[in-house]
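Asker: I would like the atomic coordinates for the input below:
(one chain, ligands or ions: 3)
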Amino acid sequence: MRADFDALAAIGATAAGGVDRRSLGSAHLEARGWFLERARSAGLETRVDPAGNHSAVFGADGPTLLLGSHLDSVPDGGRFDGALGVVSALHVLLAVQASGLELPVTLEAIDFTDEEGTLVGLLGSEALTGALTMEALRAPRGGRDALEAGLERAGLKEEELAAARRDPGSLAGYLELHIEQGPILERAHRQIGVVTSIVGARSFSLAFSGRAGHAGTTPMTERRDAGLAAAAFAVAVEEVVRRDFPSCVATVGDIRLEPGAFNVVPGVARLALEFRSSDLQELDSLEVALLARARAEVTRRRVALEIEPVGRWEPTSLDQEICDAIEAAADGLRLSSVRLHSGAGHDAQALAAITPAGMVFVPSVEGLSHDPGELTHWDDCVNGANVLLEAALALAAARA
Ligand code: GLV
Ligand code: MN
Ligand code: MN
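Answerer: Ligands and ions are numbered 1, 2, ... in the order given. I've put the predicted structure just below:
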């Protein structure tokens, strides 16, 4: 498993020690090709569905137990996010194949398309569950041009994505191993996290439009500076969340100024806003508060504002029985565990809508993730893979 993990980490490797495999870019497509080839060379069946989800299959009579995650990354991301889940899923299949065990389920290791949302977010997993909407495709997080270019590079057709939908009756469940991406396990000195629920998130593209002007001659009192509107809003986002929504998080992850020069007052500012909560009502209230705060800049700085929703994922509970199975698997391997909530989004939240879904977390050093310095000690990766294997065997046995 280590050799395979390292081979994948070399694809799209960055000088800082991470990977940059944006969804359906060349490094991502190369990683997906590597995965299929590795599975084929081990004698597993492979398949690619109409949403581009890549799978290795170890067939048997009976419904399919999906094991998966994603091989795409955020820009300048880490080696573990997603990749650990795909490599370990593949190695569960290889371990079962090598053992000669006959299971009452088909095992499928699946690499979902565009989990991270550089294009849409949970694109492949939502296509598989039937939750992918036309609206999400019309107004994607990464913009229409990037989506169209990515689909074309991957040989995918937008009008066929929904054909990836699976019959829930064909599935026995879904399991995903992932790094925690936060500090809880490390601080609690636990080896395994049993994920009970996954955060909800919403993202919006905001565009403030003012008037570009000469940076030397336009009096400070007469400016309609879109850049300042965006900057003031970004600072206010932190204030609003810390003061009124202390259990939520919100991020302005990108601000682009146009035309973007030393000597031009910014005429347009485009901003990426994302916020998350585990509570649906709180998400609604936070949305109202943040968008009202953005609108306040319209009068304050005499700018126009366009707001476009570009992503919406609901808070999700994972399956109780699967939580129990994961916990029992950890106990059986004498690994310490704790139940916890995920503040990161995952393909499991899509799968949970149609089949019992569960997740195993392993500790992230210093809780760092979405950063090239992301690290999980290899012993912890192996522990997680063993829990994934044991939990998969238990679920298979329960469905016999
Ligand atoms: C995915 O990693 C996300 O939570 O944004
Ligand atoms: Mn991930
Ligand atoms: Mn991620």
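Asker: excluding chain neighbours, what is closest to residue 4?
Answerer: residue 87 (5.1 Å; CB to CB, 6 or more residues apart in numbering). Every C-beta, even on glycine, is put in place using the N, C-alpha and C of the backbone.
Asker: in which helix or strand does that neighbour reside?
Answerer: In this structure, residue 87 sits in helix 83-99 according to DSSP states H and E.
Asker: need the residues that contact that helix.
Answerer: Identification of contacts with helix 83-99 by CB atoms under 8 Å, 6 or more residues apart in numbering yields 1, 4-5, 8-9, 19, 31, 35, 38-39, 42-44, 56-58, 67-71, 103, 107, 109-111, 175-179, 362, 376, 381, 384-385, 388-389, 392-393.
Asker: what is the neighbour count of the residue nearest to residue 4?
Answerer: If you count neighbours by other CB atoms under 10 Å, residue 87 ends up with 28.
Asker: before we move on, what about the one 5 residues further on?
Answerer: One way to gauge burial is a neighbour count; for residue 92, by other CB under 10 Å, it gives 25.
Asker: what do you get for the one 4 residues further on?
Answerer: Other residues near residue 96 come to 19 when the count uses other CB under 10 Å.
Asker: end-to-end on stretch 107-125?
Answerer: 17 Å (CA to CA, to the nearest Å).
Asker: any idea how far the lowest-mean-pLDDT helix or strand in the chain is from the chain center?
Answerer: Across the helices and strands of the chain, mean pLDDT, DSSP states H and E gives its lowest value to helix 134-138, namely a mean of 94. Here helix 134-138 is found 18 Å from its chain centre; the criterion is CA atoms, centre = their mean, to the nearest Å.
Asker: which SSE is immediately downstream of that helix?
Answerer: Using DSSP H and E, the helix or strand that follows helix 134-138 towards the C-terminus is helix 144-154.
Asker: what residues of that following helix count as buried?
Answerer: Across helix 144-154, burial judged by 16 or more other CB atoms under 10 Å covers 146-147, 150-151, 154.
Asker: helices or strands up against it?
Answerer: helix 26-41 (3 or more CB pairs under 8 Å, 6 or more residues apart in numbering; DSSP states H and E).
Asker: now the angle from the helix it packs on to helix 144-154?
Answerer: 30 degrees (axes from the mean of the first three to the mean of the last three CA atoms, to 10 degrees).
Asker: helix 26-41 packs against which elements?
Answerer: Using 3+ CB pairs under 8 Å, 6+ apart, helix 26-41 sits against helix 2-9, strand 45-48, strand 54-58, helix 83-99, strand 106-112, helix 144-154.
Asker: so which of the ones you listed is the most packed in?
Answerer: Highest mean neighbour count among the helices and strands packed on helix 26-41 (mean count of other CB atoms under 10 Å): strand 106-112, with a mean of 27.
Asker: run through who's touching it.
Answerer: Around strand 106-112, the neighbours that count as contacts under CB under 8 Å, 6+ apart are 32, 35, 39, 53-60, 62-71, 86, 89-90, 92-93, 96, 122-125, 128, 347, 392, 396.
Asker: these: which ones sit near ligand 1?
Answerer: For ligand 1, no contacts are drawn from the contacts of strand 106-112 by CB under 6 Å from any ligand atom.
Asker: so residue 13 bridges to which residues?
Answerer: Beta-bridge pairing for residue 13 (DSSP bridges): residue 19.
Asker: just give the number of residues close to whatever residue of the stretch 251-400 of the chain ends up closest to ligand 2.
Answerer: Proximity of the stretch 251-400 of the chain to ligand 2 (CB to the ion) peaks at residue 346, 6.0 Å away. Counted with other CB under 10 Å, residues neighbouring residue 346 total 30.
Asker: residue 201: what's its closest spatial neighbour, skipping adjacent residues?
Answerer: Excluding its sequence neighbours, the residue lying closest to residue 201 (CB to CB, 6+ apart) is residue 276, at 4.4 Å.
Asker: also residue 390?
Answerer: Per CB to CB, 6+ apart, closest to residue 390 is residue 329, 3.6 Å.
Asker: is it true that that neighbour touches residue 394?
Answerer: Yes - here residue 329 reaches residue 394: they are 6.3 Å apart, a contact under CB atoms under 8 Å.
Asker: looking at the two, which is more packed in?
Answerer: Between residue 329 and residue 394, counted using other CB under 10 Å, the more crowded position is residue 329 (24 against 18).
Asker: partners of residue 192 in the sheet?
Answerer: Beta-bridge partners recorded for residue 192 (DSSP bridges): residue 337.
Asker: ok, now which ones touch it?
Answerer: 185, 326, 330, 335-338, 360-362, 383-384, 387.
Asker: quick one, which of the residues you listed are buried?
Answerer: The neighbour-count test (16+ other CB under 10 Å) marks 185, 326, 330, 335, 337-338, 360-362, 383-384, 387 as buried among the contacts of residue 192.
Asker: redo those residues as JSON lines? Include secondary structure and pLDDT.
Answerer: Listed next are the buried ones among the contacts of residue 192 as JSON lines, based on DSSP: H, G, I helix; E, B strand; the rest coil; pLDDT from 0 to 100:
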{"residue": "185", "secondary structure": "helix", "pLDDT": "98"}
{"residue": "326", "secondary structure": "helix", "pLDDT": "98"}
{"residue": "330", "secondary structure": "helix", "pLDDT": "98"}
{"residue": "335", "secondary structure": "coil", "pLDDT": "99"}
{"residue": "337", "secondary structure": "strand", "pLDDT": "98"}
{"residue": "338", "secondary structure": "strand", "pLDDT": "98"}
{"residue": "360", "secondary structure": "strand", "pLDDT": "99"}
{"residue": "361", "secondary structure": "strand", "pLDDT": "99"}
{"residue": "362", "secondary structure": "strand", "pLDDT": "99"}
{"residue": "383", "secondary structure": "helix", "pLDDT": "98"}
{"residue": "384", "secondary structure": "helix", "pLDDT": "99"}
{"residue": "387", "secondary structure": "helix", "pLDDT": "99"}
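Asker: before I go, just wanted to say thanks for your time.
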